[in-house]
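1. sequence? don't have it. structure:
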């Protein structure tokens, strides 16, 4: 345990009352103080009384633990069968809510009075007196376990537990039986039950560690609670319990456990740092401030020189640290707590006194007589009247000065606060943006709108520091100082960036009303009202989500109550109202799409305002599409059949004539949707439009929206949208899926998320079996670079390509060796999994095709070997430096296509690479083989003079790898000569000149020709 584990308890002193010290401990302390001169006999009597109190506390603790055991056994009996295997068939439900009495006992026991001296380790309890029947059964169960009859032993021990649940040996044997059967969770469960009968702190701690190892945090927390109740002096268990409770969200438990630790280790900074966020989350800021103030007072008194060895440091002979551990960061925390609580004078005092102490000037207490902060004035100083103390000009950290500025401004000392604020505002805004914002907020609270507005404008001018809060505050400042037009422009900017920001709309409406523009104000107010109504409907129709948490022993009691607990909707819309609402949304969608079409050319031309407005309108359309449930049904293969598809059964008769009349009037009046509504009545008919917009236009909109989001750095949102529409029943066609996957790949390439590129490419390869184009798309998408190479080498891709390779080879050699998979609509080897690999290439959903799904008739089947797929897998082996495997596959590709220069080049690289490995036993043969393939590559590739620099570079690179620098230099120089010749003709094509120059410079540096390398740097490698 860092910090508290190595701490000493010799630093205890009088504790404040926030530790909830018990009355009995207070009385004992006061008795000791009043009877300091008592005789040794009286002291002995007091010790005996403490020992009696200790025994009473232990008895209460053991009684509480046994009470928990009785409650658990009762729950088991009430929940199921009383005997047999059903007794242990359910997970038991522990109540994790900590009892306040238990914590008070912990705190009382941790006070140290009569506890530390002569404490003997308690042994295990003998348990209740067992009847002869129970003893006989236990003996029978033990004999069955010795005979390795686990089933018999378990049956007998369960019967013992039914008769006498407090028989600890029965729980132990039963737990061991489950452990021997490979059921560690059930064994842990039983051991926890048995531990209630032993009252052994070490056993509880062992179970807590075991629960942590198995990932059962709540059980571990429960066990640690028993450890601390039985042995409050176990500091390590207290720390583990506190940190575990904090990590699992049990903040109240963590708070009490940390306070118990502080009782034993007063002012331990490690404990305070862990406790601080817990208290802030629980809104106990006064307690947090008191703890840090007491710690500051302690360290200030213990280390008056401003530095020293941390008293809680575990290392012997540790170096001195500022403040003995209570450094500038803790001082800032204390000041922030005081400022948050409104104790600004205390914050000023803490900063001034603390910084003076850390600087080794604690003796200069005369500065406390100054009401201002002249002690830390900057170089510019301040005007000084006659007889006043001169400024100290001592250094002060920017963060500490910021706390002083905030405190001074909020307490009304404006001039002093401005003095500090101006020093902070002279810093770089990007580096100290949070400090700038807090100073501006302090000015705003003091109604100093001009000063606050100036700082907000500084923050808003930089994209890295601007935010909606900054712009809203700047607009509010402009309004308060009378610049209504400028304030309206700022609010309009906020609404354009976030159309759902109702607060900005209401503020802008108020300004419009002041400026005499009520129509625009009314429009904004109606938008806000409509937004709130939609939110209310969504809240009313929202269903509670069950809490998935809960582990082996701890599950929510509210789970499994059935359908009776589900509330029915209070106000359900009629069919006519639903149609009316859909008609309104259809009109709004059509208007938004018309606006998108108008803005599209200007957006593509790069106009900023047009792009921003296009994004706003497109976002509304995209979200309306994604929120429509009828577009994302489970039966996606049926396609989209409209918002109100008719059932195959006879329609239900309308309940009232009024609702029928409303529906007919709506259908007659809706010009844009009447034909669509009629088409919805045909059973099984698919529609190619949604809200008067064709699905092709919707897809084009999704693509362009994803592209713009990716360009703006919002790739994650773009990826989420594209992956979501893959599940829409409107885009289940093969061409639509290919388009979405290609769009996702394009966005991922721009964001350099090559793992997503590989994943989408695998989907294309799976959808187009035995087709080379998806493989070419994969290679073109990865390009070059370390990230692309890592994505190319991912194991899922190599497994997928090898599987495809095996299927293709089997199809060519023996058509009957493969089987048509009716689920995935593709060929596979017999006995293979219907899923391609674990979490691998299973298609997003059922493919849609025209071929015979049962036999695969009409599907393309290769009749000869494909060199591309074999060469691609060989290149993958080559990139992973598996040269021997690469040679195997590349030689097969060479047999299929001997006139391909790329295959020859890859074979040469693989041969040279294998020759350089220690496992190679025929190096010279491999080098000769590589040279032969390299020559063949030159013969096939060098027919065109344009490609000669590539050939020369590859030859130079090969000789460079083999250590034949003379030959490598000659080929590299030829590449440079070709580049020089092209540049003289006015061409800007460098070709491979820079790569050749870099490699050539490495040879020159290695051989000591540094001047030649520098010349290459200046000519080819300089900007």
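-> Now that the structure is in, tell me what you want to look at. Everything numeric here is computed off the predicted structure, so don't read it as measured data.

2. Now do the contacts for the nearest residue to residue 282 once chain neighbours are set aside.
-> Using CB to CB, 6 or more residues apart in numbering and skipping residues adjacent in sequence, the residue nearest residue 282 is residue 251, 5.6 Å away. (C-beta placed from N, C-alpha, C; glycine too.) Contacts of residue 251 were listed using CB atoms under 8 Å, 6 or more residues apart in numbering, and they are 245, 278, 281-282.

3. Show me just the buried residues among those.
-> 245, 278 (16 or more other CB atoms under 10 Å).

4. List the buried residues of the helix or strand hosting residue 958.
-> Assigning secondary structure by DSSP states H and E places residue 958 in helix 948-962. Using 16+ other CB under 10 Å as the test for burial, helix 948-962 gives 948-960, 962.

5. which one of those sits closest to residue 745?
-> Distance to residue 745, by CB to CB, is smallest for residue 950 among those, at 27.3 Å.

6. Please verify my assumption that the closest one contacts residue 941.
-> Yes: the pair residue 950 / residue 941 is scored as a contact, 7.0 Å apart, by CB atoms under 8 Å.

7. from the contacts of residue 251, which is closest to residue 590?
-> Of all those, residue 590 sits closest to residue 281, with 48.3 Å by CB to CB.

8. do you know how far that closest one is from residue 250?
-> For residue 281, the distance to residue 250 equals 11 Å [CB to CB, to the nearest Å].

9. Check residue 283 too.
-> To residue 250, residue 283 is 16 Å away according to CB to CB.

10. Give me the below-cutoff pLDDT ranges for the stretch 101-250 of the chain.
-> By pLDDT under 70, the weakly predicted segments of the stretch 101-250 of the chain are 101-128.

11. Going along the chain, name the helices of it.
-> Using DSSP state H, counting those that start in this stretch, the helices of the stretch 101-250 of the chain run over 132-146, 150-163, 168-180, 184-195, 201-213, 217-230, 235-247.

12. Does anything pack onto the second one? Which helices or strands?
-> Read that as helix 150-163. Packing partners of helix 150-163 (3 or more CB pairs under 8 Å, 6 or more residues apart in numbering; DSSP states H and E): helix 132-146, helix 168-180.

13. and the host helix or strand of residue 584, what does it pack onto?
-> Residue 584 belongs to helix 575-604 when assigned by DSSP H and E. Helix 575-604 is packed against helix 608-626, helix 657-669, strand 693-694, helix 695-711, with contacts defined by 3+ CB pairs under 8 Å, 6+ apart.

14. Can you give me the buried ones in it?
-> Within helix 575-604, the residues that qualify as buried by neighbour count (16+ other CB under 10 Å) are 575-576, 579-580, 582-583, 586, 589, 592-593, 595-596, 599-600, 603.

15. which residues of the stretch 651-800 of the chain fall in strands?
-> 689-690, 693-694 (DSSP state E, counting those that start in this stretch).

16. Just name the most buried of these.
-> With neighbours taken as mean count of other CB atoms under 10 Å, the strands of the stretch 651-800 of the chain reach their highest mean count in strand 689-690, at a mean of 20.

17. Surely residue 311 touches residue 321?
-> No: using CB under 8 Å, residue 311 is not in contact with residue 321, being 11.0 Å away.

18. Out of these two, name the residue with the larger neighbour count.
-> Of the pair residue 311 and residue 321, residue 311 is the one with more neighbours under other CB atoms under 10 Å, namely 19 against 15.

19. Show the end-to-end separation of stretch 358-375, please.
-> End-to-end distance for stretch 358-375: 14 Å, by CA to CA, to the nearest Å.

20. who touches that stretch?
-> 300, 304-307, 322-323, 327-328, 331, 348-349, 352-353, 356, 382, 389-392, 394-395, 404, 408, 413, 416, 419-420.

21. repeat that for 6 Å
-> The contact list for stretch 358-375 (CB atoms under 6 Å, 6 or more residues apart in numbering) reads 304, 306, 322-323, 391-392, 394, 404, 416.

22. so which of those would you say is closest to residue 868?
-> Nearest member of these to residue 868, counting by CB to CB, is residue 322, at 66.8 Å.

23. and that closest one, what is it in contact with?
-> 307, 358.

24. For it, what are phi and psi?
-> Dihedral pair for residue 322: phi -60, psi 130, per degrees, to the nearest 10.

25. For it, name its beta-bridge partners.
-> Following DSSP bridges, residue 322 is listed with bridge partners residue 307.

26. For residue 310, see how far away it is.
-> 10 Å.

27. Where does pLDDT dip in the stretch 451-600 of the chain?
-> 536-575.

28. One more: the chain?
-> 1-128, 313-318, 378-388, 390, 536-575, 633-687, 822-823, 831-859, 943-947.

29. Let me see the ranges of the helices in the stretch 851-1000 of the chain.
-> 867-879, 883-896, 901-915, 923-941, 948-962, 965-984, 993-1007.

30. same thing with the stretch 351-500 of the chain?
-> Using DSSP H, counting those that start in this stretch, helices in the stretch 351-500 of the chain cover 398-410, 414-425, 433-445, 449-460, 468-480, 484-497.

31. Give me the residues contacting the third one.
-> Counting by CB under 6 Å, 6+ apart, helix 433-445 makes contact with 402, 405-406, 409-410, 421, 424, 429, 451-452, 455-456, 459, 465, all of which sit outside it.

32. Same question for the longest one.
-> Taking contacts as CB under 6 Å, 6+ apart, the residues outside helix 484-497 that touch it are 468, 471, 474-475, 478-479, 501, 504, 507-508, 511, 612.

33. how about a markdown table for the buried residues of helix 948-962, with distance to residue 810 added?
-> Formatted as a markdown table, those follow (distance: CB to CB, whole Å):
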| residue | distance to residue 810 |
| --- | --- |
| 948 | 42 |
| 949 | 42 |
| 950 | 37 |
| 951 | 38 |
| 952 | 42 |
| 953 | 40 |
| 954 | 35 |
| 955 | 39 |
| 956 | 42 |
| 957 | 38 |
| 958 | 36 |
| 959 | 42 |
| 960 | 42 |
| 962 | 39 |
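
34. residue closest to the middle of the chain?
-> In the chain, the residue lying closest to the centroid (CA atoms, centre = their mean) is residue 716, at 13.0 Å.

35. Quick check: the closest residue to residue 168 other than its chain neighbours vs residue 167, distance?
-> Distance criterion CB to CB, 6+ apart; nearest residue to residue 168, sequence neighbours excluded, is residue 197 at 4.2 Å. With distances taken as CB to CB, residue 197 is found 8 Å from residue 167.

36. again with residue 450
-> Note on residue 450: its distance to residue 167, by CB to CB, is 81 Å.

37. between the two, which one's more packed in?
-> Neighbour count, other CB under 10 Å: between residue 450 and residue 167, residue 167 has more, with 22 against 10.

38. pretty sure the more buried one contacts residue 160?
-> Yes: judged on CB atoms under 6 Å, residue 167 makes contact with residue 160 at a distance of 5.4 Å.

39. neighbours around residue 794, how many?
-> Neighbourhood size, residue 794 [other CB under 10 Å]: 16.

40. That one - nearest residue in space that isn't next to it in sequence?
-> residue 758 (6.1 Å).

41. who touches residue 226 in this structure?
-> Contacts for residue 226 (CB under 6 Å, 6+ apart) come out as residue 204.

42. re the thing from before, distance between the helix holding residue 958 and the chain's centre?
-> Helix 948-962 has its C-alpha centroid displaced from the chain centroid by 47 Å (CA atoms, centre = their mean, to the nearest Å).

43. ok and that helix relative to helix 901-915, angle-wise?
-> 10 degrees (axes from the mean of the first three to the mean of the last three CA atoms, to 10 degrees).

44. which ones are touching residue 603?
-> Applying CB under 6 Å, 6+ apart to residue 603 gives the contacts 610-611, 614.

45. Dump the residues you listed into JSON lines; add distance to residue 1000 as well.
-> Shown next, in JSON lines, are these (distance: CB to CB, whole Å):
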{"residue": "610", "distance to residue 1000": "51"}
{"residue": "611", "distance to residue 1000": "47"}
{"residue": "614", "distance to residue 1000": "51"}
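
46. Among these, which one is most surrounded by other residues?
-> Neighbour max across those (other CB under 10 Å) = residue 614, 23 neighbours.
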